[in-house]
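K.L.:
what would the 3D arrangement of this be:
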Amino acid sequence: MDKNRLSRRTVLRGMALSAGAASLPSAISIAQPAFQSRRPAPAARKFRSKAVDAAIDATAAKLRDPELAWLFSNCLPNTLDTTVEFGSYEGKPDTVVVTGDIPAMWLRDSSAQVWPYLQFVAQDAQLARLIEGVIRRQTRCIIADSYANAFMPDLASRQPLEWSTHDKTQMHPGVGERKWEVDSLCYPVRLAYRYWKETGDSSPFDARWAVAMHVILETFRTQQRKGSRGPYSFQRSSPAPTDTLSEDGFGNPARPVGLIYSGFRPSDDACAYPLNIPGNFFAVRTLHRIEEMLTQIARDGKAAREARALADEIEAALQAHARLHHPTAGDVYAYEIDGFGNAIFMDDANVPSLLGMPYLESCSIEDPAYQATRKFVLSDANPYFFRGSAAEGVGGPHIGRDMIWPMSIIMRALTTHDHQEQIQCLRWLKASHAGTGFMHESFNKDDAKKFTRAWFAWANTLFGELILTMGRNSPGVLAQV
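P.N.:
You can find the predicted model right below:
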């Protein structure tokens, strides 16, 4: 294959199967006895947390269904077991978190992968240090290039991911891929903020971290594109049109209305319209967190006020432009808009999504606007909602037609108070693993054995988070699956 045409999409499509067993690592076989642990041997695990292991044992023991308990026990620790490299840099903790089958660290994925472990840091000082290392590593990444979505383990490396080698953009050392996505700068702040709240530890939030927060503010302001298109552009030679940006690499045109432009979605697919609505809602929440941390930790009142003013401006723009009239669904949030009156009505499984807005604290579950949008997302009016004999759920253009992402089913369960809906989601998830004992990127709506990515740590730990959350908030539901 011509390397100029290689892309993450091409690699992952090659992992989409007619039979799920063909994609599994040799250590994982569908033929293995049912419910045998799929975790690495203890000595082979990348990081061991007594607090997480204790929570796995305690929670699994309360689950009535042995298959659900097995899935939970495999999935929750998957990030710690297989994807982390815990070391030090300048005498401080430094942690690399790769996505699984791709040897790079996405700002989004790495934040989400360790997120469920934050509830255990008070019981495990070494786990707290590991997550402190993630925060410190992400800080260095943001300063290195605030427009990059993925970074190599060696931040001095000039060799990016294989499919990024010939990208036409301003590549920097350590960058794995340089797709500008609003959420890439939001997730690290979400992680840092909760770490601070859980531990009371402000040591990661030093002068370097304050510089990173200033970089985020400047990048967000620049990508409002009020006076110019800004410095970021990206082009890639690829058979997939969503792997590159139009208009000489600056993306499709949009009118500057106060929202932040994004080149790409959380799926790493190019935006159809550059003003991504769930991403901008997430940015508002992020800016409020930055304001609080700059005020209370960095004592930087000027930058804190700038964060607040920017949050207010984006929120006002969302109120004015984000909710539009759909011909069958009524007034709902669009997925993307261009500020000229054009919009795309859909949702994508990757988070931030419209479905996942309450999960990211962008709105409440009870918000009528969200509920109307949620009804639309989970209906045939959404072109990426698929219903089949195996399950129903949201997919997206990244993998394509009839492929449901387990992540969307997990989000559905996390954004409802309806116990019957949660039970159904758990049943679909239990039916989706195709004998592997893990969640996948996507699976066919009629045949779960046709799936992509046997090793996708974000989906695995997110499933673990779902079980922990339901065990805490809805224990009766878990007893009915």
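K.L.:
from here on, contacts and neighbour counts on C-alpha atoms
P.N.:
Will do.
K.L.:
now the strands for the stretch 251-400 of the chain?
P.N.:
Taking DSSP state E, counting those that start in this stretch, the strands of the stretch 251-400 of the chain run over residues 275-276, 323-326, 330-333, 336-337, 343-344, 385-387, 392-394.
K.L.:
mind listing what Met213 touches?
P.N.:
Shown in contact with Met213 (CA atoms under 8 Å, 6 or more residues apart in numbering): Ile290.
K.L.:
please save the CA atoms from the helix or strand hosting it in CSV.
P.N.:
Following DSSP states H and E, one finds Met213 within helix 207-222. This file holds the C-alpha atoms of helix 207-222, laid out as CSV (Å, rounded to 0.1, in the frame of the first residue of the first chain):
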residue,chain,number,x,y,z
ALA,A,207,4.3,27.3,36.5
ARG,A,208,4.4,24.9,33.6
TRP,A,209,0.8,24.0,34.1
ALA,A,210,-0.2,27.6,34.2
VAL,A,211,1.5,28.2,30.9
ALA,A,212,-0.5,25.3,29.4
MET,A,213,-3.7,27.0,30.7
HIS,A,214,-2.7,30.2,29.0
VAL,A,215,-2.0,28.2,25.8
ILE,A,216,-5.5,26.7,25.9
LEU,A,217,-7.1,30.1,26.3
GLU,A,218,-5.1,31.6,23.4
THR,A,219,-5.9,28.6,21.2
PHE,A,220,-9.6,28.8,21.9
ARG,A,221,-9.6,32.5,21.2
THR,A,222,-7.7,32.1,18.0
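K.L.:
what's the local residue count around His166?
P.N.:
Residues lying near His166 (other CA atoms under 10 Å) number 16.
K.L.:
now it. Its backbone dihedrals?
P.N.:
phi -110, psi 20 (degrees, to the nearest 10).
K.L.:
of the strands of the stretch 251-400 of the chain, which is nearest His433?
P.N.:
Each of the strands of the stretch 251-400 of the chain was scored for nearness to His433 using CA to CA, and the closest is strand 392-394 (14.4 Å).
K.L.:
can you spell out which helices and strands pack onto the closest one?
P.N.:
Strand 392-394 is packed against strand 385-387, strand 403-404, helix 406-414, with contacts defined by 3 or more CA pairs under 8 Å, 6 or more residues apart in numbering; DSSP states H and E.
K.L.:
same thing but at 6 Å, please
P.N.:
Using 3 or more CA pairs under 6 Å, 6 or more residues apart in numbering; DSSP states H and E as the contact criterion, the elements in contact with strand 392-394 are strand 385-387.
K.L.:
please state the offset of the strand it packs on from the chain centre?
P.N.:
Put simply, strand 385-387 sits 21 Å off its chain's centre (CA atoms, centre = their mean, to the nearest Å).
K.L.:
ranges for the strands of the stretch 51-200 of the chain?
P.N.:
Applying DSSP E, counting those that start in this stretch to the stretch 51-200 of the chain gives strands spanning 84-89, 92-97, 105-106, 150-151, 175-177.
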